[in-house]
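Novice: structure, please.
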Amino acid sequence: MVKAIRMREAGGPEVMEYIDVDLGEPGAGEVLVRHKACGLNFIDVYFRTGLYPQPLPGGLGMEAAGIVEAVGPGVTHVQAGDRVAYAGRPTGAYAEARIMPADNLVRLPEGIDFETAAAMMLQGLTVEYLFNRTFALQGGETILLHAAAGGVGLIACQWARAIGVTVIGTVGSDEKGELAKAHGCTHVINYNTENFVQRVREITDGKGVPVVYDSIGKDTFIGSLDCLSPLGMMVSFGNASGPVPPFSLGELASRGSLFITRPSLMSYTAKRDDLEQMAAHLFSMVQGGKVKIDIHQRYALSDVAQAHRDLEARKTTGSSILIP
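Specialist: Okay, here's the model as predicted:
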């Protein structure tokens with residue numbers, strides 16, 4: 001038996017139960033992973049509240065790092081004793097151990113510890129696809145990044161600095177602004193005291209930006225469109241303030257034939273080759289010192305309800321992890 005978080009119904013943090021689970025043995029194509037650290041991400045809130053539906057009762061959590069304890073028939077790319085990490089479905093990472101599809105796992109290189117891996121896989125792979133696959137940055141661009149002091153934001157600011165991209169970042173407080181600046185954000189906008197659309201136009205001499213990376217959703221959507229230059233790309237990859245409401249495609253035409261996409265990590269990592277390439281790129285950025293993973297919050301797995309409350313109240317910065 002192992003301890004794991006399960007929920008019988010969608011709802012608030014109180015629906016998460018810390019219970020004993022019997023795992024059994026891994027089947028064909030599966031592995032048993034003993035977790036050393038589990039990641040905490042806002043997407044977990046979406047699953048908990050039911051914004052993203054899943055079969056119930058079920059687990060929560062999208063990323064973790066640990067050691068392979070057993071492999072099922074047909075598994076060849078990892079073996080018992082390997083240090084591994086993962087990010088993506090199926091949910092269930094909030095656990096001391098779990099059985100999961102082997103194809104989701106990547107082996108950890110030396111020099112990257114379990115806590116760092118658990119804190120960076122989902123957020124770091126997200127930055128990798130946003131910057132290299134959704135809208136491929138070449139260097140020299142000026143971009144708008146919302147939530148610049150969050151887990152994705154701090155990784156993105158460092159990554160952008162490393163490739164010669166100027167970041168205009170929005171934050172919710174002056175303290176978060178200083179944190180974003182320290183990680184490579186060139187222009188910081190406190191959206192509680194400034195109009196971010198006006199400031200972006202001022203910073204870009206009225207031209208706007210070629211791409212907006214927006215994980216906030218409802219509260220920033222129209223403003224983000226107003227920050228784009230003609231033929232610009234709106235990348236809406238999260239819903240921290242709630243889902244984007246229905247809108248007319250005319251909103252894109254009237255602002256200069258804009259493009260819009262709603263990507264997800266799972267689509268970009270669906271092919272094993274792509275996952276391995278993306279992970280290798282992320283690992284090289286971290287091992288090379290270009291991106292440092294800042295773990296600002298650590299919670300015991302049993303304290304996951306408080307972790308979710310802090311996350312939803314926007315009290316967290318950088319990355320957060322759960323310790324089984």
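Novice: is residue 13 in contact with residue 311, as I believe?
Specialist: No - shown here, residue 13 and residue 311 do not form a contact pair, counting by C-beta atoms under 8 Å, at 9.4 Å. Backbone N, C-alpha and C define where each C-beta goes, glycine included.
Novice: more neighbours: which of the two?
Specialist: residue 311 (21 against 17; other C-beta atoms under 10 Å).
Novice: distance check, the more buried one against residue 45.
Specialist: Using C-beta to C-beta, to the nearest Å, we find residue 311 at a distance of 6 Å from residue 45.
Novice: ditto for residue 159
Specialist: Look at residue 159 and residue 45: by C-beta to C-beta, they are 24 Å apart.
Novice: now residue 223
Specialist: Here residue 223 is placed at a distance of 23 Å from residue 45 (C-beta to C-beta).
Novice: how about residue 298?
Specialist: To residue 45, residue 298 is 18 Å away according to C-beta to C-beta.
Novice: same question, residue 148
Specialist: From residue 148 over to residue 45 the distance is 20 Å, taken as C-beta to C-beta.
Novice: do the same with residue 64
Specialist: According to C-beta to C-beta, residue 64 and residue 45 sit 17 Å apart.
Novice: do residue 35 as well
Specialist: Per C-beta to C-beta, residue 35 is found 20 Å from residue 45.
Novice: same thing with residue 37?
Specialist: 19 Å.
Novice: picking up where we left off before, which one of residue 159 and residue 45 is surrounded by more residues?
Specialist: Between residue 159 and residue 45, residue 159 has the larger neighbour count (other C-beta under 10 Å), namely 25 against 18.
Novice: and the more buried one, that one's in a helix?
Specialist: Yes - the assignment for residue 159 is a helix, going by DSSP: H, G, I helix; E, B strand; the rest coil.
Novice: that one and residue 291 touch, don't they?
Specialist: Yes - using C-beta under 8 Å, residue 159 is in contact with residue 291, at 5.7 Å.
Novice: anything in contact with each of those two?
Specialist: When C-beta atoms under 8 Å, 6 or more residues apart in numbering defines a contact, the residues bordering residue 159 and residue 291 alike are residue 285.
Novice: sec struct for the residue nearest the centre of the chain, please.
Specialist: Closest to where the C-alpha atoms of the chain average out (C-alpha atoms, centre = their mean) is residue 123, at 3.2 Å. Here residue 123 is recorded as helix under three-state DSSP.
Novice: show the pLDDT at residue 286.
Specialist: On pLDDT, residue 286 comes in at 97.
Novice: just confirm it is within a strand.
Specialist: No - using three-state DSSP, the assignment for residue 286 is helix, not a strand.
Novice: how many neighbours does it have?
Specialist: Number of residues near residue 286 (other C-beta under 10 Å) recorded here: 20.
Novice: residue 79 now?
Specialist: 12.
Novice: then residue 76?
Specialist: Neighbours of residue 76 (other C-beta under 10 Å): 7.
Novice: how far away is it from residue 191?
Specialist: 49 Å.
Novice: parallel or antiparallel, which strands does the longest strand anywhere in the chain pair with?
Specialist: Using DSSP state E, we find that the single longest strand of the chain is strand 30-40. According to DSSP bridges, strand 30-40 forms sheet pairs with strand 63-71 (antiparallel), strand 97-101 (antiparallel), strand 319-323 (antiparallel).
Novice: and the longest one, how far from the chain's centre?
Specialist: Shown here is strand 63-71, whose average C-alpha point lies 20 Å from the average C-alpha point of the whole chain (C-alpha atoms, centre = their mean, to the nearest Å).
Novice: just the last one next, same as before
Specialist: Using C-alpha atoms, centre = their mean, we find the averaged C-alpha position of strand 319-323 to lie 13 Å away from the chain's own average C-alpha position.
Novice: buried residues, that strand. List them.
Specialist: By neighbour count on 16 or more other C-beta atoms under 10 Å, the buried set for strand 319-323 is 319-323.
Novice: domain parsing for the protein?
Specialist: 2-121+293-323, 139-262 (automatic domain parsing).
Novice: can I get those domains in TSV including distance to residue 286 and mean pLDDT?
Specialist: Formatted as TSV, the domains of the chain follow (distance: least, C-beta to C-beta, whole Å; pLDDT from 0 to 100):
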stretch	distance to residue 286	mean pLDDT
domain 2-121+293-323	6	95
domain 139-262	9	96
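Novice: what segments of the stretch 151-300 of the chain are helices?
Specialist: In the stretch 151-300 of the chain, the helices defined using DSSP state H, counting those that start in this stretch lie at 151-162, 174-182, 196-203, 221-226, 250-253, 265-268, 272-287.
Novice: look up how far residue 38 lies from residue 108.
Specialist: Shown here: residue 108 relative to residue 38, a distance of 15 Å by C-beta to C-beta.
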